[in-house]
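Novice: Quick one, fold the following:
(3 chains)
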Amino acid sequence: MTWSEQRGRTDLPMGREGANKHMSADRPQSRSFPWVRTIMAAGVVGALIVLGVQILDQELRGGESPLTPTGPRVPGAVFPTDPFEGKDVPQPINYSHKLHAGDLGINCLYCHTYARRSKVAGIPPTSKCMGCHTIVATADDGDKPEIEKLTTLWNDGQNPAWNKVNDVPDFVHFSHERHLQKFLFNNPDMDIQDSREVCAMCHGDMVEVGVAKKMRPLTMGFCNTCHENNDGPADCTRCHK
Amino acid sequence: MPSLLGNIFKGWTDYSKGNEEGGHHDYEHMYAMVIDLDLCTGCNACSTACYAENNLPVVGEDKFGARQAMHWMRIERYFDEPDVGESDTETQSRGASFLPMMCQHCNAAPCEPVCPVGATYHTLDGLNAQVYNRCIGSRYCANNCPFRVRYFNFYDTAESWPAPMEQQLNPDLSVRSKGVMEKCTMCIQRTRTGRDKAVREGRELQDGDIQTACQQTCPTSAILFGDLLDKNSAVSQIWKRQQIKLGTYKQDKDNPDLRGYRIFEELNVDSKVLYLERVREV
Amino acid sequence: MTTTKIDRRNFLKVLGLGGAGAALAGCDMPSYATLEEGEEQVFSYLAPEEYVIPGIGVWYASTCLQCPAGCGVHGRVREGRALKLEGNPKTKLNAGKLCQMGQAALQTHYNPDRITKPRVNGKDATWPEALAAINEKGGGNIVWLTGAISGHQRVLLDIHLKATGGGKHYAVETVNTKAWEAASADIIGDAHPNLHIDKARAVLSFNADFLGTWMSPVKFMTDYGRFRAAPRGVLTVVEPAMSLSGANADHWVAARPGSETAVALGVAHVLASKYGVTTTGLSVSTTDTIATMDASRVAALSGVDGATLSKIARTLVANSPSLVIADGHYDTAAAAQVLNLMLGNLGSTLTPSADLGAPHLTNIGGTTQALTAFAEDANAGAIDIAFITGVNPMFTAPYGLNMMDALDKIGTKVAITMFEDETTTACDVVLPLASPLEDWGTHVPAFGAGAGQIHIQQPLMEKLHADALGFGDILLGLAQDGGADGLDDFEDYYGYLRTAISALIGSDQEAAWNAVLQAGQTTAPTLERAFTINGDVTINVADTTAHGLTLVTTARQGLYDGRHANLPWLQEAPDQISKAVWDSWAEIHPKTATKIGVKDGDYVSIQSKGGSITTRVFIYKGVHPGTIAVPMGRGHSHYGRYATDVGVNPLNILDVDIDPRTGEINTDTTPVKVKATGDNRYLVRLMDTDKQYGRKLAATIPASQFHRTEGGA
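Specialist: Have a look, this model is predicted:
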């Protein structure tokens, strides 16, 4: 008799008396609670599935990760490299990273000095630009409109109003200093000349762009993946104060 | 080893460790405080310093009356002193008793397990942390807090800072918006900066590297902040001298005259603020 | 037979299997991204100093001007904005600590109600127009009405007055120490003796709220911390209504307002008669005065019984050295100094101050005697041009001084101020003042800084409002315009100060100047002095028993004399005693409440000869039954969005009752009639209860227990 058929039967005694009756030798014991077997089977299958998921997850996260870096080379770092196509953000001056960081090979930290000591990497003060651009490639050259814009701002005592490209929400408190200390300054296998590799982990290789463009998603998942792979802190309040 | 079983085994070993062995965390620090009630004059400088440091909004008379003010640190004032004998003279025969009250950062915090989304948890510094962007505003944590030191943002607080007052806001921590819970963080922005500085300089954190805003401004130095795991810190020495131990609510002192105690000790919340009883010449 | 009904067991089965699948979704690489690109702006620096690193604050040393004490501060500045103030650890005065008024200085600076442009006759104008308006009515008697002023600002002010006909400088402070200074000068030959609370084993205060608003509260609080450490000092406070100092007293004694002198002399009587404390050094008449103040006479005058007097005397004798301080009335302060003489405290807890070798920089100190003199001179039509800054006489003066008429009779009134208040709106010309956080200056604390200390004030950031000028710059300009000699070389006050300080420190090198700025202070030579004792003290004992209910008004460390009512942090900071916020209250004793027939939250009208105020009662035992105490600070009719129409102002309804020995307006001698109005509304407070109901919250132990464990006895 099937379980549903049995339930339709009203002539079976219920309660203790019924249970005793059900427990009698002529009925298999499991009939009293016929769904036990099914539940146990489901439980075992479920546990196997959960275990399997964990194993799969573990493999995804550690070991041969499909996220093996193919981009920047930072010894000791494992990080996500998924690309991201950022918007074109207009800026008051069309500064070219390709020219300065690429062709001229200027170190990232030459301009974005504060990354070593501070939460923010910082937009360089205009005095840094003018340090070169009063001598080479000046506004007087006549064919450099961006430098003319820069020089005008400098002479008028105006602060350039840059539009933030690599920005995270206000409740995220990211510290450049901690990351550079770990991957660059306190990393015996890294030299400051190669700071570009470290910066590229989150900013992409800026020598490919002119005006700054966001080249990594900078989502919490992006940060968390890197933290998990590199023994970074998992404490919420590290970033969310 | 698949992480599920591995976690279970490791977790159980950790969890069954006593508090003295670090409990189920491997604490890096155990920030705690000592507040000497005999030195507290009730001047309220600490509370205002906290407003300045932590971007606390001013709510106005009506909301204050509805108990919706955001004073993370408040100074309570009592006139009764049962342990020195009640005074039934016509006028006060002695002064008042002031009690600075803020989040006690309980090691067994009743607010932590009840958050439906895990927005409050215990950090490896020993602090009870509140993650604003995770909070969904169930207010269960505030309900559970016996000290009543959790404050909910019932309203948007933008009008607390009419221009140019918003320029005073501290950028080192978030400005909370409507719908999230907040409370004293023992100036987490300062503790983290202080610790990062020590790490950068390649040395251990020393007592005095970090000062909370309330401690720094308190004119009588009634508030002390430090790391209980640092044997040399002032707070750990005072906790030791007062014979108050973490991880238990039965404090067996061999000298019953010692004036250190924790508030609501019997609730077994393992608070980390040690109060020193006020003294009265009678 | 099948059933389509999903019963509970089937449902659970389904859930058990399907649940595992949910674990696969993680937070890796979601398809959305944070949408912050291009949303915010960053303004990069042009040419910052080397030490300016965005993200890390720079600390500058300066001086707090929230009250006359003049504590040193360190201001944290990030990206050109002052964010937080702390005490300057290098300043001897406050040793790195700061009170809540100092903390709230940020709100004074960033206040949305600041005046940003000059005004002439109520309309916005330019600086040249404003200055022309001042010069329009010609010269005549030019005076300055200010608060306490010191340092080089005082120098320039004096120069200006001298160059413009030698007019008067009225320095007014409602909260002052004139009574103590006058009595100390007369009796021990030193108006500002150094007080060593940290060395005292007992402190007895008559009306001197040294932890709250008296003299230099932050300094005294830092000393108090040491006072209470083993061997623990004992604090006794005698006053008509509990102050912050009284709230920390081991023994608090309620005395009828104005009778503190009697209590002090009563204590002297007990010391002399019962404890054999000598009165040698005191004149016969003074000794006789003490002899007449027996316990019954004191009790009749003050309500303080003989047992309490004996207890106070016993405490002083058993805990030596002691320190007796007092204020409010000359006679009370004189009695306190007599007690100090008798107890031999001179030389231990009171030591001589040192005169500043540069007397023109010393603090002029404010009084209410100057307010009265100003009102009289103005009402007599004797003032043609008045420069008014740092004081609000319309708010602080009793109606009896006829301040409104007085101001009307002044030819041209020039307000130099950050805010519109009751006085500045009555002024013809209003000049916008830079805030203390944007300005240069030097300040010589009247008390407690240690010999010869000169505190430096420097800007923490660029001016918020381009048209506001610094006080020194305005003084310099006025002095130059007034024809003063020797100032033409200076373009601005910074130049003047730099020259002056360089002369003081004997070097004009950049490094030396920077060292002064970094320390926030420098020292000037001093002249030592010694006490000269004059034991012939005439003390008049007032009899205020006929007064009935007396209005007493005191300042609190918060709103102070009303100047900080426009700071929301301080309006929302609960009053230390009543825990009330955002409104005034009148403290009365439960007996008084029964007599008047009021309960908590009831409104009462308090009427004096001068006028009346209506506010809610706060009933507790910390006030003498003959007193109704309304702390000053609220009741502005015109002071910005946070202060206007909040609370009531007791200062205006005080009687103009002058202490004959000091010229000060008494704040505790005004008899009033108090009636319930019938209205009731809950007085908003941090807490309504003052009991712990058996919970061990703020626990207290007797001192004997403290002595057993921590020493001292």
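
Novice: now the helix or strand containing residue A:54, how far from the centre of its chain.
Specialist: Residue A:54 is located in helix A:36-61, with elements delineated by DSSP states H and E. The offset between the C-alpha centroid of helix A:36-61 and the centroid of the whole chain comes to 29 Å, using C-alpha atoms, centre = their mean, to the nearest Å.

Novice: is chain C contacted by the helix or strand following that helix?
Specialist: The first helix or strand that comes after helix A:36-61 along the chain, using DSSP H and E, is helix A:97. No - interface with chain C: helix A:97 contributes nothing (C-beta under 8 Å from any C-beta of the partner chain), its closest point being 15.5 Å away. All C-beta atoms are positioned from the backbone trio N, CA, C, and that covers glycine.

Novice: following helix A:97, which helix or strand comes up?
Specialist: Remark: after helix A:97, the chain's next helix or strand is helix A:108-111, criterion DSSP H and E.

Novice: re the thing from before, other SSEs contacting the helix holding residue A:54?
Specialist: Contact partners of helix A:36-61 among helices and strands, from 3 or more C-beta pairs under 8 Å, 6 or more residues apart in numbering or on different chains; DSSP states H and E: helix B:3-15, helix C:8-18.

Novice: try 10 Å this time
Specialist: Contacts of helix A:36-61 with other secondary structure elements, assessed using 3 or more C-beta pairs under 10 Å, 6 or more residues apart in numbering or on different chains; DSSP states H and E, are made with helix A:220-229, helix B:3-15, helix C:8-18.

Novice: pLDDT of stretch C:559-572, averaged?
Specialist: On average, the pLDDT along stretch C:559-572 is 98.

Novice: For the stretch 51-200 of chain B, which segments count as strands?
Specialist: The residue ranges that make up the strands of the stretch 51-200 of chain B, judged by DSSP state E, counting those that start in this stretch, are B:74-78, B:97-101, B:120-122, B:128-130, B:151-152, B:181-182.

Novice: Indicate which one of those is closest to chain C.
Specialist: For those, proximity to chain C was assessed by C-beta to the nearest C-beta; strand B:97-101 is nearest, at 3.9 Å.

Novice: Indicate whether the closest one makes contact with chain C.
Specialist: Yes - for strand B:97-101 and chain C, the contact criterion (C-beta under 10 Å from any C-beta of the partner chain) is met by B:97, B:98, B:99, B:100, B:101.

Novice: roughly how far out does that strand sit from the chain middle?
Specialist: With C-alpha atoms, centre = their mean, you get 13 Å for strand B:97-101.

Novice: Check the gap between residue B:119 and residue B:150 for me.
Specialist: Residue B:119 sits 11 Å away from residue B:150, taking C-beta to C-beta, to the nearest Å as the criterion.

Novice: okay, and the common contacts of those two?
Specialist: B:130, B:141, B:181 (C-beta atoms under 10 Å, 6 or more residues apart in numbering or on different chains).

Novice: which of the residues you listed has the most neighbours?
Specialist: Using other C-beta atoms under 10 Å in any protein chain shown as the neighbour definition, these reach their maximum at residue B:130, which records 27 neighbours.

Novice: OK, contacts around that residue?
Specialist: The neighbourhood of residue B:130, defined by C-beta under 10 Å, 6+ apart, consists of A:236-237, A:240-241, B:103, B:111, B:115, B:119-121, B:141, B:150, B:176, B:180-185, B:188.

Novice: Recalculate using a threshold of 6 Å.
Specialist: For residue B:130, the residues meeting the contact criterion (C-beta atoms under 6 Å, 6 or more residues apart in numbering or on different chains) are residue B:120.

Novice: so what's it bridging to?
Specialist: According to DSSP bridges, residue B:120 are recorded as the beta-bridge partners of residue B:130.

Novice: per-domain residue ranges of chain A.
Specialist: The record assigns chain A these domain ranges, following automatic domain parsing: A:3-61, A:97-238.

Novice: Just name the most buried of the ones you listed.
Specialist: Here the criterion is mean neighbour count by mean count of other C-beta atoms under 10 Å in any protein chain shown, and of the domains of chain A the winner is domain A:97-238, at a mean of 17.

Novice: ok now it, how far from the chain's centre?
Specialist: Relative to the chain's own centre, domain A:97-238 is displaced by 18 Å; criterion: C-alpha atoms, centre = their mean.

Novice: and that domain, is it in reach of chain B?
Specialist: Yes - part of domain A:97-238 sits close enough to chain B to count as contact by C-beta under 6 Å from any C-beta of the partner chain, namely A:171, A:235, A:236, A:237.

Novice: what sits against residue C:280?
Specialist: Contacts of residue C:280 by C-beta under 6 Å, 6+ apart: none found.

Novice: Could you check how many residues crowd around residue C:362?
Specialist: When counting by other C-beta under 10 Å, one arrives at 16 neighbours for residue C:362.

Novice: State the distance from the spatially closest residue to it that is not a sequence neighbour to residue C:290.
Specialist: In this structure, residue C:362 finds its nearest non-sequential neighbour in residue C:356, 5.2 Å apart by C-beta to C-beta, 6 or more residues apart in numbering or on different chains. Computed as C-beta to C-beta, the residue C:356 to residue C:290 distance reads 36 Å.

Novice: again with residue C:378
Specialist: Applying C-beta to C-beta, one obtains 43 Å for the distance of residue C:378 from residue C:290.

Novice: domains of chain C?
Specialist: Taken from automatic domain parsing, chain C resolves into C:119-171+C:359-528, C:180-353, C:548-680.

Novice: how far does the longest one stretch from start to finish?
Specialist: The separation between the terminal residues of domain C:119-171+C:359-528, taken as C-alpha to C-alpha, to the nearest Å, is 48 Å.

Novice: and it, how far out from the chain's middle?
Specialist: For domain C:119-171+C:359-528, the gap between its own C-alpha mean and the chain's C-alpha mean amounts to 19 Å (C-alpha atoms, centre = their mean).
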